[in-house]
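Engineer: model the structure of this input:
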Amino acid sequence: MPRRSRTPEDSKAQLTSHGDSQSHEARTHKKHHRSHRSRSPRREDDGHRHKRHRPRSPAPEPVALPYKAKPLSKRQYEEYRPLFQSYLDIQKQIQLDELDEREIKGRWKSFVSRWNRGDLARSWYDPSMLKTAQETIQSYRASSPRAPTKRASPNYTPKEQDLSDQSDDDFGPAPPTNLSRHQGHGPTIPKLDDLTYRNELRAEDREKGQMDYIDDIRHARKTDRKSQKEALEDLVPRADPGSRERALEKKRETTSTLNSFRDAKEAGELEVPESDLMGDDGIDMYKKKKKEQERQKNERELRREEIARARDAERNERLAERREKEGKTMDFLRQIAAERFG
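Structural biologist: Okay, the predicted model is just below:
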């Protein structure tokens, strides 16, 4: 087959394809160089660092508590309840029985955290402190009167044993539980609640008296009308029931009743006191008014004195309770000091 000679068009196409391939290789090399240059050791290290786990911080060392005491947990509430109750009473002047469940949990959590950090006083970590608090709570519960609980199961103990167990102390009134607050016999100063209750009773009695007075007047008027009606019937005999004369009598009675109401309304009868009609002595009226003012003033002063006495009595009672509470706290602290130092 004869070889075809190259034409100028073929040479031109070959040059164009060769130039395109060179430009493509240059772009590829440039892109590869840029991507290779953008890879920095820091980015590679970041990738490896993301894969590696960070080491955990070391756990804090336990605090050395006084008397080699152990850290507390929230689950030891029942065991350390007496000590916690004594802590609130002595340090915070708070009674544990008066708090609700939410506040008890919060204060117990704070007590546990302070205990574990060693922020409490040194004496609270003493084991004898916990023992003394437990004994105090047990003795208080044993001495406090309890209501007898009824057994669900029958009692099989013989009656003779029940009678032998009884003593002479079961008869008669029970002795006073608190002798320090016992007061002498006789009337005491009323409190504000007592005065308020007394005033309410007086107001109720006054209102009841007014209602009874109104009912008595109505009953008296009704009785008087009934008696007048009976007297009128005795004077003028009535016609036979159902007759025309009886119907006319009823009509006349109704008309007279309506006329009497109309006349009373139009006349405008008003009871005027005799002092306004005939005149009254000015000196006597002045004396009456002055006497009434003095009576009202005396009543106000008496009420103020009663309220002041009631407030003083309540204040003294609160002070006595506070002193008694402080005395119990000091006795408790003296007992702890005597057990520790002898």
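Engineer: quick one: low-confidence parts of the stretch 101-250 of the chain?
Structural biologist: 143-187, 236 (pLDDT under 70).
Engineer: tell me how many other residues crowd residue 84.
Structural biologist: Neighbour count for residue 84, taken as other CB atoms under 10 Å: 23. Placement of C-beta: from N, CA and C, glycine included.
Engineer: and it, how far is that from residue 67?
Structural biologist: 17 Å (CB to CB, to the nearest Å).
Engineer: ok, residue 292 next?
Structural biologist: Counting by CB to CB, the gap from residue 292 to residue 67 is 78 Å.
Engineer: same thing with residue 89?
Structural biologist: Distance of residue 89 to residue 67, given as CB to CB: 22 Å.
Engineer: look at those two and report which has more neighbours.
Structural biologist: Between residue 89 and residue 67, counted using other CB under 10 Å, residue 89 has the larger neighbour count: 17 against 12.
Engineer: three-state assignment of the more buried one?
Structural biologist: helix (DSSP: H, G, I helix; E, B strand; the rest coil).
Engineer: so how far is residue 99 from it?
Structural biologist: Taking CB to CB, one finds residue 89 at 12 Å from residue 99.
Engineer: helices of the stretch 151-300 of the chain, start to end?
Structural biologist: For the stretch 151-300 of the chain, applying DSSP state H, counting those that start in this stretch gives helices covering 159-165, 192-235, 244-267, 274-278, 282-341.
Engineer: what is the second one packed up against?
Structural biologist: When contacts are defined as 3 or more CB pairs under 8 Å, 6 or more residues apart in numbering; DSSP states H and E, helix 192-235 sits against helix 282-341.
Engineer: and the helix it packs on, what does it pack against?
Structural biologist: Applying 3+ CB pairs under 8 Å, 6+ apart, we find helix 282-341 packed against helix 127-143, helix 192-235.
Engineer: got the angle for the last one vs helix 244-267?
Structural biologist: What that stands for is helix 192-235. Counting by axes from the mean of the first three to the mean of the last three CA atoms, to 10 degrees, helix 192-235 lies at 130 degrees to helix 244-267.
Engineer: again, but for the shortest one
Structural biologist: Between the axis of helix 127-143 and that of helix 244-267 there is an angle of 140 degrees, by the same axes, to 10 degrees.
Engineer: packing partners for helix 127-143?
Structural biologist: helix 81-87, helix 282-341.
Engineer: rank the ones you listed by pLDDT, which is bottom?
Structural biologist: Mean pLDDT values for these show the minimum at helix 282-341, a mean of 85.
Engineer: angle of it against helix 192-235?
Structural biologist: 140 degrees.
Engineer: picking up where we left off before, quick one, which of the helices of the stretch 151-300 of the chain gets closest to residue 78.
Structural biologist: helix 282-341 (21.3 Å; CB to CB).
Engineer: out of the helices of the stretch 151-300 of the chain, flag the one nearest residue 93.
Structural biologist: Per CB to CB, nearest to residue 93 of those: helix 282-341, 8.2 Å.
Engineer: about what we covered before: in JSON lines: the helices and strands packed on helix 282-341, plus distance to residue 311 and mean neighbour count.
Structural biologist: Conversion of these to JSON lines gives the following (distance: least, CB to CB, whole Å; neighbours: other CB atoms under 10 Å):
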{"stretch": "helix 127-143", "distance to residue 311": "32", "mean neighbour count": "14"}
{"stretch": "helix 192-235", "distance to residue 311": "7", "mean neighbour count": "10"}
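Engineer: minimum distance to residue 337: which of these has it?
Structural biologist: Nearest of the helices and strands packed on helix 282-341 (CB to CB): helix 127-143, 10.8 Å.
Engineer: CA-only coordinates of the closest one, as PDB, when you get a sec.
Structural biologist: Output in PDB follows, covering the C-alpha atoms of helix 127-143 (Å, rounded to 0.1, in the frame of the first residue of the first chain):
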ATOM      1  CA  PRO A 127     -16.600   9.300 117.700                       C
ATOM      2  CA  SER A 128     -17.700  10.000 121.200                       C
ATOM      3  CA  MET A 129     -19.700  12.900 119.800                       C
ATOM      4  CA  LEU A 130     -21.800  10.600 117.600                       C
ATOM      5  CA  LYS A 131     -22.300   8.200 120.500                       C
ATOM      6  CA  THR A 132     -23.300  10.900 122.900                       C
ATOM      7  CA  ALA A 133     -25.800  12.300 120.300                       C
ATOM      8  CA  GLN A 134     -27.300   8.900 119.800                       C
ATOM      9  CA  GLU A 135     -27.700   8.300 123.500                       C
ATOM     10  CA  THR A 136     -29.300  11.700 124.000                       C
ATOM     11  CA  ILE A 137     -31.800  11.000 121.200                       C
ATOM     12  CA  GLN A 138     -32.600   7.600 122.700                       C
ATOM     13  CA  SER A 139     -33.100   8.900 126.200                       C
ATOM     14  CA  TYR A 140     -35.300  11.700 124.900                       C
ATOM     15  CA  ARG A 141     -37.500   9.300 123.000                       C
ATOM     16  CA  ALA A 142     -37.700   7.000 126.000                       C
ATOM     17  CA  SER A 143     -38.700   9.900 128.300                       C
END
